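1. fold the stuff below for me.
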Amino acid sequence: MGMDYICTINCKPLKFVRFVSLFLITVGCLNEPDCLITSTNLTKISFVNGKNVREIKFDEIRVSGLDKIYYEDAKVSSVQLPLNPEMTEITFTFTFEGRVETLHLRYNTTVQIISDKCGAFTNYGDLEIIESSFTDTQVVANQLSTNATVNIQLSVD
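-> Next up, the predicted model:
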């Protein structure tokens, strides 16, 4: 019965103290750096015919400097291909429908450190098309990000 009496008199101040404590803990957490990294080394390339999405059956896609074959026997309307952090230029070779097309890109890399806890990451930006055998090309977003839906759009007749 004694405890009920104390709570009745002091409940509001105790709730206030709990709220202030929770607020201070939350504000303290906001001082920590955000380790959510949205930078990526994947270039997102979409294919169109006019204004329509174009699905292509690729025999293969090769990336200069890498021995791996990408999108072998795959039918897709967009691809994600890696950039090399140790270089500033790269060439993609697309083999499809009896054709071989190339796309030569230039980009910059910068290493950024968020904090000791989060570490460092490589940021890929200033993406530009140097040369292409595709009829029409467009850089839609020159910064590589996990949030970007497309970086480059290629027109394929």
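
2. in this structure, which spans are helices?
-> 2-30 (DSSP state H).

3. and the lengthiest strand in it, how far from the chain's centre?
-> In the chain, taking DSSP state E as the definition, the longest strand is strand 99-115. Offset of strand 99-115 from its chain centre (C-alpha atoms, centre = their mean, to the nearest Å): 12 Å.

4. so what touches that strand?
-> Strand 99-115 has contacts (C-beta atoms under 8 Å, 6 or more residues apart in numbering) with 33-35, 37, 43, 45, 83, 85, 88-94, 119-134, 137, 144, 152, 154, 156. Yep, even glycine has a C-beta here, placed from its N, CA and C like the rest.

5. equivalent analysis for stretch 74-94, please.
-> By C-beta under 8 Å, 6+ apart, the surrounding residues in contact with stretch 74-94 are 41-47, 53-58, 61-66, 70-71, 100-109, 122, 124, 130, 144, 150.

6. likewise stretch 48-60?
-> Residues outside stretch 48-60 that contact it (C-beta under 8 Å, 6+ apart): 46-47, 69-77, 79, 94-97, 153-157.

7. show the buried residues in those residues.
-> Neighbour-count burial (16 or more other C-beta atoms under 10 Å) applied to the contacts of stretch 48-60 gives 46, 47, 70, 71, 79, 94, 95, 96, 153, 154, 156.

8. tell me the two of those that are most distant?
-> Comparing every pair within the buried ones among the contacts of stretch 48-60 by C-beta to C-beta identifies 95 and 153 as the most remote, at 19.8 Å.

9. which of the contacts of stretch 48-60 fall in strands?
-> Those of the contacts of stretch 48-60 lying in strands (DSSP E): 46-47, 69-70, 74-76, 79, 94-96, 153-155.

10. so residue 69 sits against residue 63, correct?
-> No: using C-beta atoms under 8 Å, residue 69 is not in contact with residue 63, being 9.1 Å away.

11. now residue 147: closest residue in space that isn't a chain neighbour?
-> Residue nearest to residue 147 in three dimensions, not counting chain neighbours: residue 38, with 5.5 Å by C-beta to C-beta, 6 or more residues apart in numbering.
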